[in-house]
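Trainee: Okay, here's the prediction I keep looking at, along with the sequence it came from:
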Amino acid sequence: MVIRPRLLPLALPLSFLVAVAGAPARAADPAPVEVEEATLATLQQAMASGRTTSRAVVQAHLDRIARLDAPLRSIVELNPDALSIADGLDRERWDGRVRGPLHGIPVVLKDNVSTGDRMETTAGSLALAGNHAPRDAFLVERLRAAGAVILGKANLSEWANIRSTHSSSGWSARGGQTRNPYALDRSPCGSSSGTATAVAASLAVVGVGTETDGSIVCPSGATGLVGLKPTVGLVSRSGIVPISMSQDTAGPMARTVADAAILLGALTGVDPADPATGRSAGKAPADYTRFLDPDGLRGARIGVVRKKVYGESPPADRIFDAAVAEMRRQGAVIVDPADIPHLGEYDDAELEVLLHELKAGLDAFLPRWAPGARVQSLAEVIAFDEAHAAEEMPYFGQELFVKAQAKGPLTTPAYRKALARCGRLSRQEGLDKAFARNRLDALVAPTGGPAWTIDLVNGDHFSPGSSTPAAVAGYPSITVPAGLAFGLPVGVSFIGKPWSEGALLRLAYAFEQATRARRTPAFRPTADLSGR
């Protein structure tokens, strides 16, 4: 049976959550905690009232992981200190100190985010097995300061899906194949696949993913989540296994827009170790929940992207058209079409940039963040994979790694030319022109089609998606559940101007509240072919 989630009609303001959560109530014998589809607001209210504790909330998620994750393979490691951390946060609450709406809340991290604790950071590769980072990534420091409990590391497409053109999203040598909780034979998309599956299945309240091109929005769309890819520079990348200094970012993945907004606020901050974050100074509100307006679509000028992202998936097209119609009913001014110039014309240049930046980034990252690992460069990773091919490459190879290793430094003319082409066609002559031509507040496009069947022989077979323009430009985008096709989630993405995360959250929240499209996953063995 498919159950409609219990969404709050309105998000509670951050200040209200903190005030209520600060009541020093002690739960001597907390009642069992219902964590399926639980929101940050409901859990904070339960802890504030004394009906439960952070320890009980964490334990309930650990129990759920033990009960449900074996076929999903979304979690590769649990934090052995999670319960003791929760105990400390409970003592703080009882003493009258509550750090905010993440206080005592279990969060999962993609396994390319470094943690300076007893957990490993491996990017899914056996080459980094046993690697313990010397310190927390900056965003992990921010989460701990906000009172979050790092519950564990989530599986991912190994090396964030940059190793092979024939990879299967969600597969890593460390974690195996992650599966979609809506249909276990379907892909969760990549590369933040484990984070997506874990949050969709309520194995954690919220999670952190990373994106270079599509790796937050695609898995979020495929598993019925809200996924926000921020403007590059809003969230620090230091301590995250890199692909591209020009496109990489981390971002929130959640079951509701309100929870994504809260998590985003905790992740942001200027980090001296990541110069890109200097551009965010003064542009990151302390409280993103202030943008959550159920009437937020009224009067907004939204352009509809159709060229190259529409027409290849009839189920996704049907859901997208219904979503646009609902936006119009909610008072949005719809400009249809409002296509993005030059879409598809810089794909080769993007790959050229990514391969150059991968080599430079990984060679710099490994000695600094994995000093005890057996590999200290991309060349050594390639050699390790060749020596352990049966474990590392049973289904697909590492041809992109090999191509990256052959690239020169970041002063190479080919790299500089490709980088300039990407910037010009994705920004000035691409998204900027699309926004200015029709005075748009945002663009909307299908996030992608319904999830495809997992295929370890041939690799992924994506339907057309809309992630690339915002990814290459470094602009923000957010995907929101829009409906189901044969029991499989389909999302729509709002794409915005730089630093417009608040505006995108406003649009996404209004759409979410108007449609209530998210459904709880049913863990079916395959798609529901009994109806559309």
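Mentor: Sure, I can see it. Numbers count the residues shown, from 1 in each chain.
Trainee: quick one: the strands in this protein?
Mentor: 75-78, 106-110, 149-154, 171-172, 176-177, 206-211, 226-229, 249-254, 301-304, 333-335, 442-446, 477-485, 488-495 (DSSP state E).
Trainee: And those strands: which comes nearest residue 34?
Mentor: strand 106-110 (14.4 Å; Cβ to Cβ). Every residue, glycine included, has its C-beta placed from N, CA and C.
Trainee: So what are the sheet partners of that closest one and their directions?
Mentor: Taking DSSP bridges as the criterion, strand 106-110 forms sheet pairs with strand 149-154 (parallel), strand 206-211 (parallel).
Trainee: As JSON lines, the ones you listed with mean pLDDT would be great.
Mentor: Output for the strands paired with strand 106-110, formatted as JSON lines (pLDDT from 0 to 100):
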{"stretch": "strand 149-154", "mean pLDDT": "99"}
{"stretch": "strand 206-211", "mean pLDDT": "99"}
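Trainee: one step back: figure out which of the strands of the chain is closest to residue 96.
Mentor: It's strand 149-154; of these, that one is closest to residue 96 (Cβ to Cβ) at 19.5 Å.
Trainee: Could you pull out the buried residues of that closest one?
Mentor: Across strand 149-154, burial judged by 16 or more other Cβ atoms under 10 Å covers 149-154.
Trainee: coming back round to it: let's have the strands paired with strand 106-110 in CSV, adding distance to residue 291.
Mentor: Shown next, in CSV, are those (distance: least, Cβ to Cβ, whole Å):
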stretch, distance to residue 291
strand 149-154, 26
strand 206-211, 17
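Trainee: Can you list the residue ranges for helices in the stretch 101-250 of the chain?
Mentor: For the stretch 101-250 of the chain, the helices defined by DSSP state H, counting those that start in this stretch cover 138-145, 193-200, 217-222.
Trainee: quick one: average pLDDT of the lengthiest helix in the chain?
Mentor: Longest among the helix segments of the chain by residue count, using DSSP state H, is helix 347-369. Throughout helix 347-369, pLDDT has a mean value of 98.
Trainee: do you know how far residue 83 is from residue 149?
Mentor: 9 Å (Cβ to Cβ, to the nearest Å).
Trainee: still on that earlier bit, out of the strands paired with strand 106-110, the one nearest residue 249 is which?
Mentor: Residue 249 sits nearest to strand 206-211 of all the strands paired with strand 106-110, at 5.9 Å, using Cβ to Cβ.
Trainee: angle of that closest one against strand 249-254?
Mentor: 140 degrees (axes from the mean of the first three to the mean of the last three Cα atoms, to 10 degrees).
Trainee: For residue 480, name its beta-bridge partners.
Mentor: Judged by DSSP bridges, the bridge partners of residue 480 are residue 492.
Trainee: any idea how far residue 217 is from it?
Mentor: Taking Cβ to Cβ, one finds residue 480 at 10 Å from residue 217.
Trainee: hang on, the earlier thing: between residue 83 and residue 149, which contacts overlap?
Mentor: Contact criterion Cβ atoms under 8 Å, 6 or more residues apart in numbering; residues shared by residue 83 and residue 149: residue 58.
Trainee: Give me the pLDDT for residue 16.
Mentor: pLDDT, residue 16: 34.
Trainee: again with residue 31
Mentor: We have a pLDDT of 74 for residue 31.
Trainee: thinking it is in contact with residue 49, fair?
Mentor: No. In this structure, residue 31 is not within contact of residue 49 by Cβ atoms under 8 Å, at 10.7 Å.
Trainee: more neighbours, those two?
Mentor: residue 49 (13 against 10; other Cβ atoms under 10 Å).
Trainee: Looking at the helices of the stretch 101-250 of the chain, which is nearest to residue 272?
Mentor: Of those, nearest to residue 272 by Cβ to Cβ is helix 138-145, at 9.2 Å.
Trainee: and the angle for the closest one with strand 106-110?
Mentor: Going by the same axes, to 10 degrees, helix 138-145 makes 170 degrees with strand 106-110.
Trainee: Can you name the residues in contact with helix 138-145?
Mentor: The contact list for helix 138-145, computed with Cβ under 8 Å, 6+ apart, reads 99, 102, 107, 109, 113-116, 136, 150, 208, 235-236, 238-240, 250, 266-269, 271, 273-274.
Trainee: Give me the buried entries from the residues you listed.
Mentor: For the contacts of helix 138-145, buried by 16+ other Cβ under 10 Å: 99, 102, 107, 109, 113-116, 136, 150, 208, 235-236, 238-240, 250, 266-269, 271, 274.
Trainee: how near is residue 384 to residue 478?
Mentor: Taken as Cβ to Cβ, the span from residue 384 to residue 478 is 37 Å.
Trainee: If you count surrounding residues, which of the two has more?
Mentor: Regarding residue 384 and residue 478, a neighbour count based on other Cβ under 10 Å identifies residue 478 as having more, with 34 against 18.
Trainee: Go ahead and confirm the more buried one touches residue 500.
Mentor: No. With contact defined as Cβ under 8 Å, residue 478 and residue 500 do not form a contacting pair (10.1 Å).
Trainee: How about the contacts made by residue 132?
Mentor: 116-121, 372.
Trainee: Just the buried ones from those residues, in PyMOL syntax?
Mentor: In PyMOL, this line selects whichever of the contacts of residue 132 come out buried by 16+ other Cβ under 10 Å:
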select buried, resi 116+117+119+120+121
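Trainee: Count the residues that sit near residue 326.
Mentor: By other Cβ under 10 Å, neighbour count at residue 326 equals 18.
Trainee: mind listing what it touches?
Mentor: Residue 326 is in contact with 511, 514-515, counting by Cβ under 8 Å, 6+ apart.
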